[in-house]
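J.: sequence unavailable; structure follows:
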């Protein structure tokens with residue numbers, strides 16, 4: 001990693017922003033490092049879990065179109081008799097698309113009697129259980145409003161302003177390091193297609209985003225277009241297609257795998273070029289016109305945003321597609337006492353967050369060195385050139401390589417601290433076949449508790465002879 005003197009950090013007090021999956025693993029590893037004076041976790045909701053903390057009521061904010069990373073975050077939903085609840089993109093009938101043993105943290109198993117692809121309720125309960133030994137560090141219903149950098153005795157210090165969402169009290173405190181684990185499923189992305197604003201004004205309620213989706217019932221008998229065929233788009237489309245006017249139309253840039261399309265029962269159509277106000281319709285890039293549309297549901301993802309970090313220069317985000325100025329998509333190069341776990345896309349997030357936490361907890365404890373600033377910049381510039389616009393989207397198998405290389409590196413270094421995860425051959429096999437297994441799980445009624453029930457038996461000699469990835 002480099003030869004810079006490791007005795008460069010003077011980290012005693014640490015703030016973690018968010019008690020979702022990344023914030024919880026950060027708290028665990030930092031606490032286990034036993035090298036820091038204080039660790040505090042700020043969580044704006046009433047419970048841990050982040051995106052997995054389901055809100056039955058969806059967001060009340062819909063921006064059409066929405067292409068700005070600086071769109072204001074959703075306000076909390078405030079029922080009078082409960083703490084503030086923040087709307088998440090979690091929908092009622094969601095199951096993971098990753099088998100439970102592959103998805104779980106390395107130091108806590110999912111219940112053995114849970115489904116092989118657990119429901120959102122099981123995952124949330126699992127995260128609550130995982131949080132038990134760090135709950136004393138968490139300040140719930142506390143929102144971070146601003147994080148400002150300043151220099152003190154040649155060292156970076158971070159002033160963090162927070163507000164209690166139950167009392168309104170504003171507090172400011174200074175920290176030596178900050179873990180930004182605030183999540184990336186809050187600010188929606190909806191492309192600015194020709195006439196979309198005029199269409200939305202003329203036909204309010206027709207255009208929506210998957211963040212607002214909860215159940216299929218409101219779409220019964222309606223003519224529905226779903227835009228996007230990533231995991232959530234495919235899953236939501238398969239639910240809606242059971243009740244909507246046949247066929248559901250799936251608007252895509254790249255073809256959906258035939259087996260998935262058949263399961264959805266959808267008709268694949270080209271991308272939308274234009275909204276037709278008078279016809280309540282859409283014009284596609286191939287010239288086709290579809291009229292009398294009741295719903296256009298955009299499953300087009302989210303933008304990276306950090307509303308509490310606006311004073312940091314140069315800015316971390318511009319168009320929301322990438323976070324700039326980071327080494328290994330984790331350490332802020334100019335100010336490495338700030339880290340951003342959980343940025344990589346198309347990875348298994350829980351164990352990935354453990355690997356990242358294992359690194360920054362040891363770096364801040366001065367038992368693992370970072371490269372020089374010049375080397376870190378060279379890494380980012382090289383990766384930007386190699387990866388192109390989809391900077392944070394990892395190739396298939398990227399998380400396998402990362403998780404096992406981090407484990408090996410830390411073991412070889414002898415740096416003390418909590419052990420990061422390592423994936424054995426069977427887990428690597430699960431990583432290769434999970435998409436085909438998830439499709440069979442859906443087709444067989446979401447009842448299987450093991451991969452074997454779905455027809456997937458691990459044999460040590462078949463690791464390289466795995467099924468092709470579907471999604």
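T.: Here it is on my side, so go on. Bear in mind that the values here come from a model prediction, so they are computed numbers and not experimental data. Numbering: from 1, shown residues only.

J.: tell me where the stretch 251-400 of the chain has helices.
T.: Counting by DSSP state H, counting those that start in this stretch, the stretch 251-400 of the chain has helices at residues 258-264, 349-364, 373-387, 398-413.

J.: identify each buried residue in the last one, please.
T.: Under the neighbour-count criterion of 16 or more other Cβ atoms under 10 Å, helix 398-413 has 399, 400, 402, 403, 404, 406, 407, 409, 410 buried. C-betas here are computed from N, CA, C, even on glycine.

J.: which parts of the stretch 1-150 of the chain are helices?
T.: 21-33, 100-103, 120-130.

J.: circling back to that earlier point, name the nearest of the buried residues of helix 398-413 relative to residue 227.
T.: Set against residue 227, the nearest of the buried residues of helix 398-413 by Cβ to Cβ is residue 399 (27.2 Å).

J.: who touches that closest one in this structure?
T.: 344, 347, 348, 351, 352, 431 (Cβ atoms under 8 Å, 6 or more residues apart in numbering).

J.: grab the nearest non-local neighbour of it.
T.: Sequence neighbours aside, residue 347 is the residue nearest to residue 399 in space, at 3.9 Å (criterion: Cβ to Cβ, 6 or more residues apart in numbering).

J.: spell out the secondary structure type for residue 433.
T.: Here residue 433 is recorded as helix under DSSP: H, G, I helix; E, B strand; the rest coil.

J.: surely it meets residue 456?
T.: Yes. Residue 433 lies in contact with residue 456 (Cβ atoms under 8 Å); the separation is 5.8 Å.

J.: can you redo the helices of the stretch 251-400 of the chain as JSON lines with distance to residue 167?
T.: Below are the helices of the stretch 251-400 of the chain laid out as JSON lines (distance: least, Cβ to Cβ, whole Å):
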{"stretch": "helix 258-264", "distance to residue 167": "47"}
{"stretch": "helix 349-364", "distance to residue 167": "31"}
{"stretch": "helix 373-387", "distance to residue 167": "41"}
{"stretch": "helix 398-413", "distance to residue 167": "41"}
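
J.: nearest to residue 81, out of the ones you listed?
T.: That would be helix 349-364 among these, by Cβ to Cβ, at 32.7 Å.

J.: what angle separates the closest one from helix 398-413?
T.: If you take axes from the mean of the first three to the mean of the last three Cα atoms, to 10 degrees, helix 349-364 sits at 30 degrees to helix 398-413.

J.: in space, what's closest to residue 376 - neighbours in sequence excluded?
T.: Once flanking residues are discounted, residue 376 sits nearest to residue 327: 3.8 Å by Cβ to Cβ, 6+ apart.

J.: out of the helices of the stretch 251-400 of the chain, flag the one nearest residue 83.
T.: In terms of Cβ to Cβ, the element of those nearest to residue 83 is helix 349-364, at 25.3 Å.

J.: can you name every helix or strand that the closest one contacts?
T.: Contacts defined by 3 or more Cβ pairs under 8 Å, 6 or more residues apart in numbering; DSSP states H and E place helix 349-364 against helix 21-33, helix 398-413.

J.: any chance of TSV for these, columns distance to residue 56 and mean pLDDT?
T.: Shown next, in TSV, are the helices and strands packed on helix 349-364 (distance: least, Cβ to Cβ, whole Å; pLDDT from 0 to 100):
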stretch	distance to residue 56	mean pLDDT
helix 21-33	21	98
helix 398-413	32	96
